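Student: Generate a structure from the sequence data that follows.
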Amino acid sequence: MKQVKPYKNKPGDKKAQVKEMFDNISPKYDFLNRLLSMGIDRGWRNKLIDLMKPYQPKNILDIATGTGDLAILEAIQLSPEKVIGLDISEGMLKVAKEKVLEKKLEHIIELITGDAENIPYENDTFDAITVAFGVRNFENLKQGLKEMNRVLKPGGIALILEFSQPEQTPFKQAYGIYSKYILPFIGKIISGDQSAYSYLPESISVFPYGEKMKQILMESGFSQVNIYPLTFGISTIYLAKK
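Tutor: Numbers count the residues shown, from 1 in each chain. The predicted structure is shown next:
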């Protein structure tokens, strides 16, 4: 898998650049998410929550929690004992903390700075792990997935929501035009960071999805993987069991 970094002309590994990118765009991240996805991303997260409900997880780890949208949904809709939101970007976590306090969920949600490829928890800790639009930013995808498997309890579930690529005409062509030209243009104007919103479509174009992603999850230690394409294949949820 080809590795794409946010800032092509800057030194530093992908992990350091991803942290810098999200620190840069964190103040405008939520607004741009809603705008660029036309609000559809909310429905995708709700679908992930619906898939979690039958398992009734009590201890949840939300990796690449960002500004906390998914962790907050989990705390409200799943009645867990604890949700840990982990992210490498302190800028994103600052926004998340404000939202958690506003919703009075600090007794359930704990936000920590951390690396998804070196999760600071013991083996077999969590009932469920979630990642929304985060695995694409891992520097070493298999390492991150193996870490998720390690800290999951036996029988636990990992749910990954990630962008994929539509394969049917005309959605494939329309999405290609939108992601290559329109999305970076709007992102640059609002966030002031052209590289961040050029990185998004580039990283999607090289990232494995569907059966390829399922195979990587199986190779990373998961015993069963179900695939749920969403909105003509623009994004996909993978439900993987340990």
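Student: State whether Pro120 is indeed within a strand.
Tutor: No. Under DSSP: H, G, I helix; E, B strand; the rest coil, Pro120 falls outside any strand and is assigned coil.
Student: what ranges do the strands span in this protein?
Tutor: Here the chain has its strands, by DSSP state E, at 59-63, 82-87, 109-113, 126-132, 152-163, 224-230, 235-241.
Student: Same list (these) but as a markdown table, adding mean neighbour count, distance to Asp50 and mean pLDDT.
Tutor: Yep, even glycine has a C-beta here, placed from its N, CA and C like the rest. Output for the strands of the chain, formatted as a markdown table (neighbours: other CB atoms under 10 Å; distance: least, CB to CB, whole Å; pLDDT from 0 to 100):
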| stretch | mean neighbour count | distance to Asp50 | mean pLDDT |
| --- | --- | --- | --- |
| strand 59-63 | 26 | 15 | 98 |
| strand 82-87 | 25 | 17 | 98 |
| strand 109-113 | 17 | 20 | 98 |
| strand 126-132 | 25 | 13 | 98 |
| strand 152-163 | 20 | 10 | 97 |
| strand 224-230 | 15 | 10 | 97 |
| strand 235-241 | 22 | 10 | 97 |
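Student: Export these as TSV, with columns for distance to Tyr7.
Tutor: TSV is the format used below for the strands of the chain (distance: least, CB to CB, whole Å):
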stretch	distance to Tyr7
strand 59-63	23
strand 82-87	19
strand 109-113	21
strand 126-132	23
strand 152-163	20
strand 224-230	30
strand 235-241	25
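Student: and of the ones you listed, who's closest to Leu183?
Tutor: Nearest to Leu183 among the strands of the chain is strand 152-163 (11.2 Å), distances taken as CB to CB.
Student: of the strands of the chain, which approaches Thr169 most closely?
Tutor: Closest to Thr169 of the strands of the chain is strand 224-230 (CB to CB; 15.9 Å).
Student: which neighbours does the closest one have in its sheet, and in what orientation?
Tutor: The sheet places strand 224-230 alongside strand 235-241 (antiparallel), with pairing taken from DSSP bridges.
Student: returning to that earlier point: out of the strands of the chain, which is closest to Glu202?
Tutor: The nearest among those, by CB to CB, is strand 152-163 at 11.5 Å.
Student: Provide the strand pairings for the closest one, with the direction of each partner.
Tutor: strand 126-132 (parallel), strand 235-241 (antiparallel).
Student: could these be laid out in JSON lines, adding distance to Thr65?
Tutor: As requested, those are exported to JSON lines (distance: least, CB to CB, whole Å):
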{"stretch": "strand 126-132", "distance to Thr65": "8"}
{"stretch": "strand 235-241", "distance to Thr65": "17"}
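Student: So for Lys142, which of those sits nearest?
Tutor: Closest to Lys142 of those, according to CB to CB: strand 235-241, at 13.2 Å.
Student: Run through who's touching that closest one.
Tutor: 44, 47-48, 51, 155-164, 209-210, 213-214, 217, 222-230 (CB atoms under 8 Å, 6 or more residues apart in numbering).
Student: Convert that strand to PDB, retaining C-alpha atoms only.
Tutor: Output of strand 235-241 as PDB, limited to C-alpha atoms (Å, rounded to 0.1, in the frame of the first residue of the first chain):
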ATOM      1  CA  SER A 235     -17.800   4.900   3.100                       C
ATOM      2  CA  THR A 236     -17.800   1.400   4.700                       C
ATOM      3  CA  ILE A 237     -18.200   0.000   8.100                       C
ATOM      4  CA  TYR A 238     -16.200  -3.100   9.100                       C
ATOM      5  CA  LEU A 239     -17.400  -5.100  12.100                       C
ATOM      6  CA  ALA A 240     -14.600  -7.300  13.200                       C
ATOM      7  CA  LYS A 241     -14.800  -9.900  16.000                       C
END
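Student: give me the beta-bridge partners of Ile129?
Tutor: As for beta bridges, Ile129 partners with Leu61, Ala158 under DSSP bridges.
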